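S.K.: Task: produce atomic coordinates for the following.
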Amino acid sequence: MLGIQISERTVSRILRRLRRPPTQTWKTFLHNHLGQMVSIDFFTVPTVTLRVLFVFVVLEHRRRQVLHFNVTEHPTAAWTAQQIVEAFGDRDAPRYLIRDRDRVYGDDVRVRIASLGIEEVLTAPQSPWQNPYAERLIGSIRRDCLNHFVILNAKHLKRTLASYFGYYHRSRTHLGLDKQCPIPRQVSKIGRIIAIPQLSGLHHRYERVAA
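M.R.: Model (predicted):
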């Protein structure tokens, strides 16, 4: 139109040199939506009889609070979808839900998540680092609890995890929460320090009491 002829190759070379705005990194995405996000994940636990149990957890990012967990020997999409319903049955659903690409998250799960108005965010294949809060939680569960117990059966595992989550929510401090617990506890600076056994003495909660 202007009487200037430019080859397609020249145009593509110029476009490649143009500076493009950087895309949002995964870490930035997690940070920006911290208060609107939950993660779900499975992990396995062997029993004394060499059976393998599957534990499903739902973790809220903002306060690192475990909203729901359950144990099964045979996870299915229908069972997992029911756990999603129970996790948000008495609370507002989050905006985003992070999960991996495990085949257990079938049509039942996807339909249930969509019905709650939640947007799924899938991690890349074989990239557990993209679900860091859930992976850190599972690591803490193993180090703080399961590595010290011999699990007998599903009932014993549920009881053990329920006891651990009571400690995790109300006594275990987190650096990411300014050394507070997921359920904040009152800080006292006066009084004698006492140790309260948790998980049959495996851990302790420390409090101050009047002298």
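S.K.: Could you point out the longest helix of this protein?
M.R.: In the chain, ranked by residue count with DSSP state H as the criterion, the top helix is helix 154-170.
S.K.: Please list the outside residues in contact with that one.
M.R.: Here helix 154-170 makes contact (Cβ atoms under 8 Å, 6 or more residues apart in numbering) with 45, 47, 53, 55, 65-66, 69-73, 140-141, 144-146, 149, 151, 181-183, 185, 198-199, 203, 205. No exception for glycine: its C-beta is placed from N, CA and C like everyone else's.
S.K.: Drop anything exposed from the residues you listed.
M.R.: Among these, those classed as buried by neighbour count (16 or more other Cβ atoms under 10 Å) are 45, 47, 53, 55, 65-66, 69-71, 141, 144-146, 151, 181-182, 198-199, 203.
S.K.: show me where pLDDT drops low in this protein?
M.R.: 1-24, 26, 33, 211 (pLDDT under 70).
S.K.: Show me where it has its helices.
M.R.: Going by DSSP H, the chain shows helices at 8-17, 26-32, 77-87, 107-115, 132-144, 154-170.
S.K.: so who does the residue most central in space within the chain touch?
M.R.: Against the mean C-alpha coordinate of the chain, by Cα atoms, centre = their mean, the closest residue is Ala134 at 2.9 Å. By Cβ under 8 Å, 6+ apart, the contact list for Ala134 reads Ser39, Ile40, Asp41, Val57, Leu59, Ile98.
S.K.: Nearest to Tyr105 among those residues?
M.R.: Tyr105 lies nearest to Ile40 out of the contacts of Ala134, by Cβ to Cβ, at 8.3 Å.
S.K.: List the contacts of stretch 121-132.
M.R.: Contact with stretch 121-132 is made by Trp26, Leu30, Met37, Ser39, Asp41, Tyr96, Leu97, Ile98, Arg99, Asp100, Arg101, Glu135, as judged by Cβ under 8 Å, 6+ apart.
S.K.: Kindly report the same for stretch 141-150.
M.R.: Residues outside stretch 141-150 that contact it (Cβ under 8 Å, 6+ apart) are Phe43, Val45, Val48, Thr160, Leu161, Tyr164, Tyr168, Arg172, Leu199, Leu202, His203.
S.K.: Good, we can wrap up now.
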